[in-house]
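Next comes the sequence, and after it the predicted model I'd like to discuss.
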Amino acid sequence: MQSFNPPRRILMGPGPSDVSPRVLAALARPTIGHLDPAFQDLMEEIKAGLSRLMNAPGYACVPLPAPGTAGMEAAIMNLLQPGERAVIAVNGAFGGRMADMAGRAGAEVVTVDHEWGQPVDAQRVEAVLAERPAKLLAFVHAETSTGALSDAHPLCAAAARHGALSIVDCVTSLGGVPVNAVGWGADVIYSGTQKCLSAPPGLSPIALSSRAQAAIAARTEKPRNWLFDFQLLMSYWGGEGGRTYHHTAPINALYGLHEALVVLFEEGLQAAFVRHARTHGALAAGVEALGLSFLVDAPHRLPQLNAVRVPDGVDEAAVRTHVLNAWGLEIGAGLGPLKGKVWRIGLMGASASDWHVRLCLTALADALNAQGNGADGRRALDAAEASLSRET
């Protein structure tokens, strides 16, 4: 075996995004023990930073030691017991994954299915909740498979009116658009580090309300997973009365998350949201100037995840291969029924910059022209620049 030296890539797919140089530097700092007093101080700062980022005062906020999918599994397995009813809104691949996990928890799963690319319809969901009691409602705030953004507030409010807990998937939204646990009245929010936080994959921030914590404490049987058993986790992360060993925390990954939070708060949350919206506007203008269109209608479009339709007659996989080989640029393919029909272009965290927009449009035009599409790259760049000028 020899040392691995990865190729230099520019990451503009659905995740991971480009990692901030400051975060990369933080990851290389000396490892200390997971019960070291200095590390325990860092843990408290991370908890406070996550609470601020998700507007979750009074919630238990911790980073789980695994990718964003761990947050999904932890939320569902901790809240659901066999036989309980779970209503899951499905408008893409990750809503479908929630339903699968709820079934594995032994729940009675009722899905509210939507066309992929559409936001979750709160009225349709409430009608299902009104039929008979449910333990929880789960939905995806920012559906990574389509780029659709759903309004979380009316969905969480509908759950509360019908006595259900709410689980909100914010893996792609956190750090790119507002996430507001208290304002929404959400019971559980979870995310990942590899999207708009510009840290490597491997941690899943999660926030649980007092209602969610009470429901977990009232369980009549243990959750069906051990590592993500919330009560066991909090014996380590709670910080009150000393910390009990639960698992060996990923020390350096937590350095990276802490630095990512520092970077984000230095920029300012509102400034970060504006940056993501601004670069999306420029990308959208350039994409349309190339003669391409979006899967999601503009009012429901997620700024940081852009699903662009593949034109008729274009080999979508060949385009992705071309931009990777010729430009070192990664963009994503479609999932499920969208396979071969869309490209998923990320503008997340450090990848949400004017430079990334210009590179992506140039590379896309080059790849399309390689297939005889006749895309006008100069026109696309001019449209993007005009959009950026208006937003400056």
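Ah, there it is.

Now do the contacts for Gly291.
Taking Cβ atoms under 8 Å, 6 or more residues apart in numbering, we find Gly291 in contact with Pro311, Asn373, Ala375. (Glycine included, C-beta is placed from N, CA and C.)

In terms of helices and strands, where is it?
With secondary structure defined by DSSP states H and E, Gly291 is part of neither a helix nor a strand.

cool, and Gln231?
Short version: Gln231 belongs to helix 230-237, going by DSSP H and E.

Likewise for Asn306?
When the helices and strands are read off by DSSP H and E, the one containing Asn306 is strand 305-309.

other SSEs contacting that strand?
In terms of contacts (3 or more Cβ pairs under 8 Å, 6 or more residues apart in numbering; DSSP states H and E), strand 305-309 is packed against helix 269-289, strand 342-346.

Now rank the contacts of Gly291 by neighbours and give me the top one.
Neighbours were tallied for each of those (criterion: other Cβ atoms under 10 Å), and the maximum of 22 neighbours falls on Ala375.

tell me the secondary structure for the closest residue to that one other than its chain neighbours?
Once flanking residues are discounted, Ala375 sits nearest to Leu368: 3.9 Å by Cβ to Cβ, 6 or more residues apart in numbering. Following DSSP: H, G, I helix; E, B strand; the rest coil, the label given to Leu368 is helix.

Give me the contact list for the helix or strand that contains Leu381.
For Leu381, the enclosing helix or strand under DSSP H and E is helix 377-391. By Cβ under 8 Å, 6+ apart, the list of residues contacting helix 377-391 from outside reads 278, 281-290, 354, 357-358, 361-362, 364-366, 369.

do that again at 10 Å, thanks
Helix 377-391 is contacted by residues 274-275, 277-292, 354, 357-358, 360-366, 368-369, 376 when judged by Cβ atoms under 10 Å, 6 or more residues apart in numbering.

if we can go back for a sec, export only the CA atoms of the helix holding Gln231, formatted as CSV.
Coordinates of each C-alpha in helix 230-237 appear next as CSV, following Å, rounded to 0.1, in the frame of the first residue of the first chain:
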residue,chain,number,x,y,z
PHE,A,230,-30.7,9.3,22.9
GLN,A,231,-30.7,8.7,26.6
LEU,A,232,-27.4,6.9,26.5
LEU,A,233,-25.9,9.6,24.2
MET,A,234,-26.9,12.3,26.6
SER,A,235,-25.1,10.5,29.5
TYR,A,236,-22.0,11.6,27.6
TRP,A,237,-23.1,14.9,25.9
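
how many degrees apart are whichever helix or strand comes after that helix and helix 269-289 in direction?
Next in sequence after helix 230-237, counting helices and strands by DSSP H and E, comes helix 251-267. Here helix 251-267 runs at 90 degrees with respect to helix 269-289, directions being taken by axes from the mean of the first three to the mean of the last three Cα atoms, to 10 degrees.

tell me the mean pLDDT for helix 251-267?
Averaging pLDDT along helix 251-267 yields 98.

Also stretch 122-133?
For stretch 122-133, mean pLDDT is 98.

where does the stretch 251-392 of the chain have low pLDDT?
Using pLDDT under 70 as the threshold, the predicted model of the stretch 251-392 of the chain has low-confidence ranges 392.

With secondary structure added, can I get the contacts of Gly291 in CSV?
Written out in CSV, the entries for the contacts of Gly291 read as follows (three-state DSSP):
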residue, secondary structure
Pro311, coil
Asn373, coil
Ala375, coil
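
Out of those residues, which comes closest to Ala105?
Using Cβ to Cβ, Pro311 is the member of those that lies nearest Ala105, at 42.1 Å.

I'd like the distance between the closest one and Phe139.
Distance, Pro311 to Phe139, using Cβ to Cβ, to the nearest Å: 32 Å.

and if you look at Val90?
On the measure of Cβ to Cβ, Val90 and Phe139 end up 8 Å apart.

quick one: common contacting residues for those two?
With contacts taken as Cβ under 10 Å, 6+ apart, Val90 and Phe139 have Met98, Val112, His114, Val120 as neighbours in common.

For those, name the two members farthest from one another.
Pairwise distances across these (Cβ to Cβ) peak at 13.3 Å, for the pair Met98 and His114.

Overlap of the contact sets of those two?
Taking Cβ under 10 Å, 6+ apart as the contact rule, Met98 and His114 both touch Ala89, Val90, Phe139.

three-state assignment of Arg8?
The three-state assignment at Arg8 reads coil, by three-state DSSP.

Which single one of the shared contacts of Met98 and His114 is nearest to Ala38?
Within those, distances to Ala38 taken as Cβ to Cβ reach their minimum at Phe139, with 39.3 Å.

I'd say the closest one and Ile167 touch.
Yes: contact between Phe139 and Ile167 holds when scored by Cβ atoms under 10 Å: they sit 7.6 Å apart.

Name the residues contacting each of those two.
Shared contacts of Phe139 and Ile167, defined by Cβ under 10 Å, 6+ apart, are found at Ile88, Met98, Cys156, Ala159.

measure the last one to Ala317 for me?
So that's Ala159. When Cβ to Cβ is the yardstick, Ala159 and Ala317 sit 40 Å from each other.

quick check, Ser166 in a helix?
No: judged by three-state DSSP, Ser166 forms no part of a helix; its state is strand.

Could you pull up the residues touching it?
Listed by Cβ under 10 Å, 6+ apart, the contact partners of Ser166 are 136-139, 152, 155-160, 184-189, 209, 211-212.

Mind listing the residues bridging to it?
When bridges are assigned using DSSP bridges, the partners listed for Ser166 are Leu137.

quick one on the thing from earlier: quick one: the shared contacts of Val90 and Phe139 as CSV, columns for distance to Gly13 and neighbour count too.
Rendered in CSV, the data for these read as follows (distance: Cβ to Cβ, whole Å; neighbours: other Cβ atoms under 10 Å):
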residue, distance to Gly13, neighbour count
Met98, 22, 24
Val112, 28, 21
His114, 24, 22
Val120, 24, 26
